[in-house]
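Q: how would this look folded up:
(2 chains)
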There are 2 protein chains.
Amino acid sequence: MERAERIAAARGETPADLILTNMRLVNVLSGEDYPTEIAIKDGVIVGVGDGYTGAETLDLGGRFVAPGLIDAHVHIESSLCTPPEFSRAVLAHGITTVITDPHEIANVHGLDGVQYMLDEARRTPLGIFVMASSCVPATHLETSGAALDAADLASLLDAPEVIGLAEMMNYPGVLAGDPGVLDKLDAFEGHPIDGHCPNVRGKDLNAYIAAGIQSDHECTTVEEAQEKLRKGLVIFIREATNARNLRPLLPLITPDNSRRICWCTDDRQPADLLDDGSIDYMIRVAIAEGKVDPITAIRMGTLNTAEYFGLRDRGAVTPGRRADLIVFSDLSAPHAELVVCGGQIVARDGELVVDFAPHSGAELSGELRIDWDVVDFTIPAQGEHVRVIGSTVDQLVTQHCIEPVTTLDGSAVADPARDILKMAVIERHTGQGGIGKGFIHGFGLKRGAIAGTVAHDHHNLVVIGVDDTSMMTAARAVAKMGGGLVAVDGENVLAMLPLPVGGLMCDAPVTDVRAALDALLDAARNTLGSGLHDPFMAMSFMALEVIPALKLTDLGLVDGDTFELVDLFV
Amino acid sequence: MERAERIAAARGETPADLILTNMRLVNVLSGEDYPTEIAIKDGVIVGVGDGYTGAETLDLGGRFVAPGLIDAHVHIESSLCTPPEFSRAVLAHGITTVITDPHEIANVHGLDGVQYMLDEARRTPLGIFVMASSCVPATHLETSGAALDAADLASLLDAPEVIGLAEMMNYPGVLAGDPGVLDKLDAFEGHPIDGHCPNVRGKDLNAYIAAGIQSDHECTTVEEAQEKLRKGLVIFIREATNARNLRPLLPLITPDNSRRICWCTDDRQPADLLDDGSIDYMIRVAIAEGKVDPITAIRMGTLNTAEYFGLRDRGAVTPGRRADLIVFSDLSAPHAELVVCGGQIVARDGELVVDFAPHSGAELSGELRIDWDVVDFTIPAQGEHVRVIGSTVDQLVTQHCIEPVTTLDGSAVADPARDILKMAVIERHTGQGGIGKGFIHGFGLKRGAIAGTVAHDHHNLVVIGVDDTSMMTAARAVAKMGGGLVAVDGENVLAMLPLPVGGLMCDAPVTDVRAALDALLDAARNTLGSGLHDPFMAMSFMALEVIPALKLTDLGLVDGDTFELVDLFV
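A: Numbers count the residues shown, from 1 in each chain, chains lettered A, B, ... in the order given. Sure, this is the predicted structure:
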């Protein structure tokens, strides 16, 4: 809407489209709630206060109205859905804007992958802003499908949705003053630059912040988060499917520091999004635990995030801002009963009531390029002890364990009785790569194998299994689908979810994706014996070497503290 | 400092220049104070924490260290000093950054005046950011020396110090959708845009905000400020020499809304700056009145202001930010004992310890162009009642009064017994203009006249007096100086302060300016009988028609509510 039209509508000289009446405004600017009315025209809030008339009037029966919620950091690909289907899940929960880092698809398809996300994002009313993926590949200790340098990233700023530089995971590169890393920071000077610095403390933390990085979403303890907040980072508290930092970090929040804290989901799978929600879930938990007052909790998912990212047109209910609103009955447990996004009623009682534009036309290949000649899961025994990735429930960090090896016929093998499984990462981008092999603790499979092309951030083909036959069946099944997730037992494929978009996303409706994933989880848990909430998402982070302490990529085992390849046998 | 150098220094790989030890940090991010150390190199904070070494170490004896203070809105010209001399006064009080609107000099000399301020500003370590003056002239109801359109203003953005659009005083123009006004807002889309909207409420306020304006510093009551804050404006609480809104607005501030409030001085004369201070004075008063906790009060003059203006490099003590710091002993009454600005110790115990660079070479003419043939202070009596400007102590708003007129020999004359004085505004920019004449209440002169070329915002020659002879003596004396302030009695000039820089600023040291002004005030108060704190600054706002209710410009009496010229006789 033109400025002159906004002014005229705000003065009441032209009628509004929609008037919300009989409501209480949750004002995140003043920290109050009080009765008032809201006038909306052409997607914009033009008036707050009484006396407006409009084409439609909605009596909200005394319900609360708050700004639409903003997720500070999310990888949409982790929903296993395309942006429109992801937005279907989150819009219903009152999330009206997300800031996304498309680094999953960028690691597979480079700038074409980012462009795909931008094209698809434009099909949905959800506000989707993109942070340029800073670490593609994450490090040199993996093989990815693409590499983006500073010039590539700077070129993304031409798109209006691109507003900053995404999580700078290569903190060793920052601390070492790596010229390529500094070039990226230079290219985004003056823009928001997100961080990712698990366990970086003291002088190294000072250096990381002095380099120009402004946020972090990897805190796992209050002490770590407090040091980072005190030194200038804005803290994104994260509640991902597989990294549940919310409850441990709630004691961080005080009335005096909450403005420096935002909510984010990072990676959430469809069932969690559909059932629990997104950051709306975090807000409810924060309030319910008695640690955060409701308006502060809402502010941490609206105003704080908008201000951090410089999004002046949202994050509060004021004249001139986008009409992104949620309506709910209980301030102590906000469940969006009505969601307004860009002035349009998009959801009622948790159900989407709008259709999306047809397919954007963007296409990405899902073909896997694998040299099957190198794919052999055998590990010749070369010692009595091996390094084992010690996975931790609901955390991305792992333990770096040394365990006695179990051998059979001269080979190191899985030992499900001790919950030590075999893991492999097969390069799938160039067809000229290799395979990393190792052992992992904590997945609890008693038989069979699981595999998938979702493996942060390089997204090679990752397999965890009890026996080599199951692992080969799983790997072949994934390749045959052109990417996806499978659960197998011996030569039987128990369940599968094809992810034809770059091996990361399914273009089916989110409810279908959720159903397929439910079947996979059922197979992995009930047939194969894993006790994890979501072993597929857990697996996907066991290949992410930028988070300590021990991870496996296609190049081998990586010590995430020293950023070096290490031997399997010790 | 290059990014790589900052990183190396932050890691302690290269020694710092200065280490501050034995101190408590006032952390405006976390809302705490605690012991730590600060390492500074090349003007930048590189480390917060222990273990750094540097060329110099300063033991602060347990004192507090807070970020350097930021004045959100000030017209430097109102100090009657050039930017370097203004900075001499405020740096000693711990103000390390100001955001200035050079609209006084811009009304006299246009873009040349702004360039003069930029050139002179570069002579001082004080951080001086400029908001492009949006209303030159303020309205069509005055004659100014220059006019700046949207293209002129946009051209200022080439200077790195220019960060936004200054107070949009022409709120009637905004509300009417005036194309020239909207062009200016368009030109600064995405930048901070300051407001100025005294008494604008309800739908008009909605419209003003919907137009894109983001702050206001003209609130005089809590109710007004609360409505503006709730609707999205950031509130700059102002304590000017002649507009003392601080104490009345303190009840506005709550823990929940304080992030949306900043401190500003707007207009302060040298004695106030030297004796009381700048926003440091406001912080002390806010704490002393028991309304605001100390860290919140400091935050309102540091982080809040930096965030509003998008100044990521200051406003808090964190690695990578500019080393702007104040050191003080009493958290409940912060008086800067040491001031660090850009890493340099600039003041100790209220005394500046640095020299400034020599004159920038910039020059502005101070010649007054007046058609003395039209200068006649006689007001022929044309009725029995006249409009009288009812000035109010310490406020810029006036009353619109109707009073019986006192006549003598067929002319309307001053009546000092009723404190009704004659006022005139003589056009001084083109030499082709006229003279506005009227009456004013509240100045208390018993004899003589005062005059000056400081008359917001057009800065024509304003005179207030008891008799026409004194008024003519005063006007002529000001013109002879090439601009300035005078106090006269009959044909005797009692005191004067030349302001050769545009008729607004003196290029002498601030202490000399203050001494001359003291002499003027002494004359105006003790010889002529005014009871006002500073009748010269009070006078300068009686010509500012953008603030209600009745003002006088060179074109005549202006009704500040309707923005129309009105007759003197009613």
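Q: need the contact list for the residue lying closest to A:Val98 once chain neighbours are set aside.
A: Closest residue to A:Val98 apart from its sequence neighbours, by Cβ to Cβ, 6 or more residues apart in numbering or on different chains: A:Asp71 at 4.3 Å. All C-beta atoms are positioned from the backbone trio N, CA, C, and that covers glycine. Counting by Cβ atoms under 8 Å, 6 or more residues apart in numbering or on different chains, A:Asp71 touches A:90, A:95, A:97-99, A:263-265, A:278-279, A:301, A:305.
Q: Tell me the secondary structure at the residue of the stretch 401-550 of chain A found nearest chain B.
A: Closest to chain B within the stretch 401-550 of chain A is A:Val546: 18.3 Å, counting by Cβ to the nearest Cβ. Secondary structure for A:Val546, judged by DSSP: H, G, I helix; E, B strand; the rest coil, is coil.
Q: Name the nearest residue to it, ignoring sequence neighbours.
A: A:Met169 is the one closest to A:Val546 (Cβ to Cβ, 6+ apart), at 4.2 Å.
Q: Likewise for A:Leu528?
A: A:Gly448 (4.4 Å).
Q: Go through the helix or strand hosting A:Asp518 and flag the buried ones.
A: Element membership of A:Asp518, judged by DSSP states H and E, is helix A:510-522. For helix A:510-522, the neighbour count (16 or more other Cβ atoms under 10 Å in any protein chain shown) marks A:510, A:513-514, A:516-517, A:520-521 as buried.
Q: Could you tell me which residues of the stretch 1-150 of chain A lie near chain B?
A: A:3-4, A:6-12, A:27, A:29-32, A:44-49, A:51-52 (Cβ under 8 Å from any Cβ of the partner chain).
Q: what's the longest helix in chain A?
A: helix A:103-121 (DSSP state H).
Q: and that helix, C-alpha only, in PDB?
A: Only the C-alpha atoms of helix A:103-121 are listed here, as PDB (Å, rounded to 0.1, in the frame of the first residue of the first chain):
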ATOM      1  CA  HIS A 103      22.100 -24.500   3.900                       C
ATOM      2  CA  GLU A 104      20.900 -28.000   3.600                       C
ATOM      3  CA  ILE A 105      19.800 -27.600   0.000                       C
ATOM      4  CA  ALA A 106      22.700 -25.300  -0.600                       C
ATOM      5  CA  ASN A 107      25.100 -28.000   0.300                       C
ATOM      6  CA  VAL A 108      23.500 -30.200  -2.300                       C
ATOM      7  CA  HIS A 109      22.700 -27.800  -5.100                       C
ATOM      8  CA  GLY A 110      24.500 -24.500  -4.300                       C
ATOM      9  CA  LEU A 111      22.900 -21.300  -5.400                       C
ATOM     10  CA  ASP A 112      20.400 -23.200  -7.500                       C
ATOM     11  CA  GLY A 113      19.200 -24.700  -4.200                       C
ATOM     12  CA  VAL A 114      18.800 -21.300  -2.600                       C
ATOM     13  CA  GLN A 115      17.000 -20.000  -5.600                       C
ATOM     14  CA  TYR A 116      14.600 -23.000  -5.400                       C
ATOM     15  CA  MET A 117      13.800 -22.100  -1.800                       C
ATOM     16  CA  LEU A 118      13.200 -18.400  -2.700                       C
ATOM     17  CA  ASP A 119      10.900 -19.400  -5.600                       C
ATOM     18  CA  GLU A 120       8.900 -21.800  -3.500                       C
ATOM     19  CA  ALA A 121       8.800 -19.400  -0.500                       C
END
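Q: can you give me the offset of it from its chain's centre?
A: 15 Å (Cα atoms, centre = their mean, to the nearest Å).
Q: Following element in sequence after that helix, please.
A: strand A:127-132.
Q: Can you list the strands that that following strand pairs with?
A: strand A:95-100 (parallel), strand A:162-168 (parallel) (DSSP bridges).
Q: which outside residues touch it?
A: A:70, A:73, A:76, A:83, A:87, A:96-102, A:114, A:117-118, A:121, A:148, A:153-154, A:156-157, A:159, A:161-167, A:188, A:192, A:194, A:309, A:311, A:314, A:322, A:324, A:341-342.
Q: do stretch A:199-206 as well
A: For stretch A:199-206, with Cβ under 8 Å, 6+ apart as the criterion, the contacting residues are A:171, A:175, A:197, A:208, A:224, A:227-228, A:231, A:397, A:548, B:10-12, B:46-49, B:51-52, B:319.
Q: Now do the buried residues in that stretch.
A: Across stretch A:199-206, burial judged by 16+ other Cβ under 10 Å covers A:199-200, A:203-206.
Q: From what I see, A:Ile209 and B:Ala316 are in contact.
A: No. In this structure A:Ile209 lies outside contact range of B:Ala316 using Cβ atoms under 8 Å: 11.0 Å.
Q: Which one's more surrounded, these two?
A: A:Ile209 (30 against 24; other Cβ atoms under 10 Å in any protein chain shown).
Q: Quick one: name whatever helix or strand follows whatever helix or strand that one lives in.
A: Taking DSSP H and E as the definition, A:Ile209 sits inside helix A:202-210. As assigned by DSSP H and E, the chain's next helix or strand after helix A:202-210 is strand A:215-216.
Q: Can you give the distance from that next one to the centre of its chain?
A: For strand A:215-216, the distance to the chain centre is 14 Å (Cα atoms, centre = their mean).
Q: name the helices or strands packed onto that strand?
A: Packed against strand A:215-216 by the contact rule (3 or more Cβ pairs under 8 Å, 6 or more residues apart in numbering or on different chains; DSSP states H and E) you find strand A:193-195, strand A:234-238.
Q: Show me the one of those strands that comes nearest chain B.
A: strand A:234-238 (9.0 Å).
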